[in-house]
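Undergrad: Okay, structure incoming, though there's no sequence with it:
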């Protein structure tokens, strides 16, 4: 009887396929495969990607007994020089901590001269605290501007970057914008600028020289005030914590995705040529409890103008779906099929606000909830009638049901059309099993007649616990904590299943 030969399916793949696989790995991980055989060494040298991150965190103390890793600067230089002759470097992704400026220039020039299509370079500095540039942060020192030391110490962008005729995707973080004379970025399709210092106001000039731009992201760019994007191909625009912006003009009839994060915008902030946006993300950083409904009106007006909207994500303070009646009016006539809500569940009113918003999204098919972490939940009594004490059991005698999750009268009386006819999937992320979270979960499950899947992601990642066990000396204590987490997940899954009105709904807890 002949023995069957066991073939290595991975090695049997052609070199081009292996190069594509290794291109999706970090360069130091891909390099390890060169030790397998001569063929793998040749394949690794042909991978057109350099993707490396510096592990340094900013600690100047060199007295540690830990082994010193290979210098990051040498890693990058070696990864670039090890590429096979004739094989162009198509992608350069670096997360570098205070690299020498002349060496940084050499890396970028080499990538540009090689015909790079994507360059993504994030710089970190000794003097940079990397604090979030938002005036609505929890700290008393929260600010939407750079510190003087930060803005003076950022490296200037290399002028060859904006003369590269092959560059299609450019992402820069923590740089000072510097443009060459007669720049031409005619091939650029994706541009992401994060924490960019622009003392000379060069950003409008850059945007006006990108006729093929389709995806633009501006994040924590404090110099952005008035911008105009002339590209007629723009499909996606994101402006995140650019708190000084007061006028944005988007001259594109192809715009399909819009993302805004910041304080309450003015009514004249956005001027969009065509409101055929299908995906809209609104994240309001400031506390809406201190604002009148008229001040929230520009946000709801922006939502209602997007008449073809199918995806909406709302992140609000101080609680999830705050000012729900205003947002409900805005979404009532929109064909929204997917809704994401992020915010705190501080009291029973926040739970009811979510229900009110769902009541007017009649075509909803997918709902995702992201309860924001709160230190405390308000101890407000729930509105029960005299004959409905919180200790009575009217749940079919199921002992597994915790009565602290009882629905309020207002929730019991609400009819949510999408839960009854359309909604297929519900996801709750960072679920802790707090009282208000459980009330909301019970309400959704008890009304979800068409619900196919209800998934919950625990606030404690099981994989993180396993990693902690590997490094912690007290393994027995960590093992107990891991077992407790598994027991909690099992108990939560049983509780959620007991609330289903549709017994075919699949419940998962991860």
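TA: Noted; the coordinates are in hand. On a predicted model such as this, the values are computed, not experimentally measured, just so you know. Numbers count the residues shown, from 1 in each chain.

Undergrad: which residues does residue 262 form a beta bridge with?
TA: residue 284 (DSSP bridges).

Undergrad: Distance of it relative to residue 238?
TA: 11 Å (Cβ to Cβ, to the nearest Å). For the C-beta atoms, the positions are set from N, CA and C on the backbone; glycine is no exception.

Undergrad: who's more crowded, the two?
TA: With neighbours defined as other Cβ atoms under 10 Å, residue 262 and residue 238 compare such that residue 262 has more, 22 against 17.

Undergrad: my guess is that one meets residue 244, correct?
TA: No. Using Cβ atoms under 8 Å, residue 262 makes no contact with residue 244, being 9.6 Å away.

Undergrad: Retrieve the pLDDT associated with the nearest residue to residue 448 once chain neighbours are set aside.
TA: Nearest non-adjacent residue to residue 448, counting by Cβ to Cβ, 6 or more residues apart in numbering: residue 419, 5.3 Å away. Looking at residue 419, its pLDDT stands at 94.

Undergrad: same thing with the one 5 residues further on?
TA: Residue 424 is assigned a predicted lDDT (pLDDT) of 97.

Undergrad: now swap in residue 402 and tell me
TA: At residue 402, pLDDT is 45.

Undergrad: again, but for residue 373
TA: At residue 373, pLDDT is 74.

Undergrad: any idea which helix or strand comes after the lowest-mean-pLDDT helix or strand in the chain?
TA: Lowest by mean pLDDT, DSSP states H and E among the helices and strands of the chain is helix 462-471, with a mean of 47. Next along the chain after helix 462-471, taking DSSP states H and E as the criterion, comes helix 475-498.

Undergrad: Show me what that following helix is packed against.
TA: helix 435-447, strand 453-458, helix 462-471, strand 506-509 (3 or more Cβ pairs under 8 Å, 6 or more residues apart in numbering; DSSP states H and E).

Undergrad: What residues sit buried inside the shortest one?
TA: Applying a neighbour-count criterion of 16 or more other Cβ atoms under 10 Å, one finds 507, 509 buried in strand 506-509.

Undergrad: That strand: partners in the sheet, and parallel or antiparallel?
TA: strand 453-458 (parallel).

Undergrad: Okay, buried residues for the partner strand please.
TA: For strand 453-458, by 16+ other Cβ under 10 Å, it's 454-456, 458.

Undergrad: Just the closest of those residues to residue 500, please.
TA: Taking Cβ to Cβ as the measure, residue 500 lies nearest residue 454 of those, at 7.7 Å.

Undergrad: Report the beta-bridge partners for the closest one.
TA: Bridge pairing for residue 454 - DSSP bridges - gives residue 426, residue 507.

Undergrad: any idea how far it is from residue 437?
TA: From residue 454 to residue 437 the distance is 13 Å (Cβ to Cβ).

Undergrad: and what of residue 293?
TA: Here residue 293 is placed at a distance of 27 Å from residue 437 (Cβ to Cβ).

Undergrad: With neighbour numbers in mind, choose between the two.
TA: Taking neighbours as other Cβ under 10 Å, residue 293 and residue 437 compare with residue 437 leading, 21 against 11.

Undergrad: Please verify my assumption that that one contacts residue 443.
TA: No. The pair residue 437 and residue 443 does not pass the contact test of Cβ under 8 Å, sitting 10.9 Å apart.

Undergrad: Helices of the stretch 301-450 of the chain, residue ranges please.
TA: Secondary structure of the stretch 301-450 of the chain (DSSP state H, counting those that start in this stretch): helices at 324-331, 348-359, 409-412, 417-421, 435-447.

Undergrad: Distance to residue 98 for the ones you listed - can I get that in CSV?
TA: Formatted as CSV, these follow (distance: least, Cβ to Cβ, whole Å):
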stretch, distance to residue 98
helix 324-331, 45
helix 348-359, 44
helix 409-412, 55
helix 417-421, 52
helix 435-447, 43
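
Undergrad: Brilliant, that's me finished.
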